[in-house]
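J.: fold the stuff below for me.
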Amino acid sequence: MGNVLWLDGPHFVDFDDARMGPAVQDLWMLLGGDAEEAAIQLAHVLEGYEQFHEFDDRELNLIEALRTLRLIHYSAWLARRWNDPAFPLAFPWFNTPRYWQERILELREQIALMQEPPLRPARL
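T.: Residues are numbered from 1 along each chain as shown. Presented below is the predicted three-dimensional model:
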């Protein structure tokens, strides 16, 4: 949600990989909160999306796998730039045992989520 600026309406910024995959790749990042809140948000997002283009519901199966890839990509992005002097200053927690312990736990949670039925939009 930090990539949405509200001026006279929503303006989306800094989506480096927007429109480079299935539609749900861009849409899942707009969802937050617990499963119930995310389902309500998803219903609203899809309602708006489908005013412009039909959404393929099969893509909902990709949400957790795409989230997992994003988590891995973020750590790799930091690791590739770690020799830049600005990165240890900006991300001092990155190269610590705690960071990696938390990532391992997060990935284990993602494995469990990928084995669950996919998120479905709430009925509004």
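J.: show me where this structure has strands.
T.: Using DSSP state E, the strands of the chain run over 4-6, 10-12.
J.: export those strands as TSV, with columns for mean pLDDT and distance to Leu107.
T.: Any C-beta I mention is one placed from the backbone N, CA and C, and that applies to glycine too. Converted to TSV, the strands of the chain look like this (pLDDT from 0 to 100; distance: least, CB to CB, whole Å):
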stretch	mean pLDDT	distance to Leu107
strand 4-6	76	27
strand 10-12	74	28
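J.: make CSV out of those strands and add mean neighbour count.
T.: Shown next, in CSV, are the strands of the chain (neighbours: other CB atoms under 10 Å):
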stretch, mean neighbour count
strand 4-6, 9
strand 10-12, 11
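J.: tabulate those strands (CSV), appending distance to Leu46.
T.: What follows is those, written out as CSV (distance: least, CB to CB, whole Å):
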stretch, distance to Leu46
strand 4-6, 17
strand 10-12, 16
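J.: and the spatially closest residue to Ala122 that is not a sequence neighbour, how far is that from Pro118?
T.: In space, and not counting its chain neighbours, Ala122 is closest to Ala39: 4.0 Å by CB to CB, 6 or more residues apart in numbering. Applying CB to CB, to the nearest Å, the value for Ala39 to Pro118 is 11 Å.
J.: before we move on, what about Leu105?
T.: The value you get for Leu105 to Pro118, if CB to CB is used, is 22 Å.
J.: neighbours around Glu109, how many?
T.: Close neighbours of Glu109, defined as other CB atoms under 10 Å, add up to 12.
J.: center of this structure - which residue?
T.: Closest residue to the average C-alpha location of the chain: Met29 at 3.7 Å, with CA atoms, centre = their mean.
J.: now Phe87, nearest residue through space, not along the chain?
T.: Arg81 (5.0 Å).
J.: shouldn't that neighbour be in contact with Leu89?
T.: No - counting by CB atoms under 8 Å, Arg81 does not reach Leu89; the two are 11.9 Å apart.
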